[in-house]
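Student: everything below, folded, please.
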Amino acid sequence: MVIGILMIVIVRNPLNPFSQENVVVVENPGEANMRMIVKNGEELTRYESTGEMGEGGGVRAGITYRLDDGRMIYVPEGEVERRDTGR
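Tutor: Prediction:
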């Protein structure tokens with residue numbers, strides 16, 4: 001019974017990242033044993049790093065900038081072109 005009550009408290013805790021609708025949790029970022037858990041609504045998906053470099057086809061979609069405070073800003077490719085050419 002005590003375990004059940006503790007589980008309810010943990011799940012309802014607003015600091016619990018999984019209490020949100022959509023969440024991404026990264027464990028051991030940048031390490032060989034890095035893991036990602038993605039919660040999209042009620043669905044949980046777990047990804048594990050194999051340590052191998054990926055490859056495949058694709059095109060450049062935009063540019064990412066790191067601000068002085070550590071935040072990352074993504075600018076889609078079309079937005080960069082319009083700003084640069086003045087269109």
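Student: next, count neighbours for Glu27.
Tutor: Residues within reach of Glu27, counting by other Cβ atoms under 10 Å, total 13. Every C-beta, even on glycine, is put in place using the N, C-alpha and C of the backbone.
Student: leaving out sequence neighbours, find the closest residue to it.
Tutor: Arg35 (4.4 Å; Cβ to Cβ, 6 or more residues apart in numbering).
Student: thought the one you found was touching Thr50?
Tutor: No - Arg35 is not in contact with Thr50 according to Cβ atoms under 8 Å; the separation is 11.3 Å.
Student: more neighbours, the two?
Tutor: Ranked by neighbour count (other Cβ under 10 Å), Arg35 and Thr50 place Arg35 first, with 14 against 9.
Student: quickly list what the more buried one is bridged to.
Tutor: Glu27, Glu48 (DSSP bridges).
Student: what do you get for Tyr65?
Tutor: Ile73.
Student: tell me where this protein has strands.
Tutor: 22-27, 35-40, 43-48, 62-66, 72-76 (DSSP state E).
Student: nearest to Gly56, of the ones you listed?
Tutor: strand 43-48 (16.0 Å; Cβ to Cβ).
Student: can I get the closest one as CSV, trimmed to CA atoms?
Tutor: Extracted C-alpha coordinates of strand 43-48, given in CSV (Å, rounded to 0.1, in the frame of the first residue of the first chain):
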residue,chain,number,x,y,z
GLU,A,43,3.5,6.6,-26.2
LEU,A,44,7.1,6.1,-24.9
THR,A,45,9.9,5.4,-27.4
ARG,A,46,13.5,4.5,-26.3
TYR,A,47,16.5,5.0,-28.5
GLU,A,48,20.0,3.8,-27.7
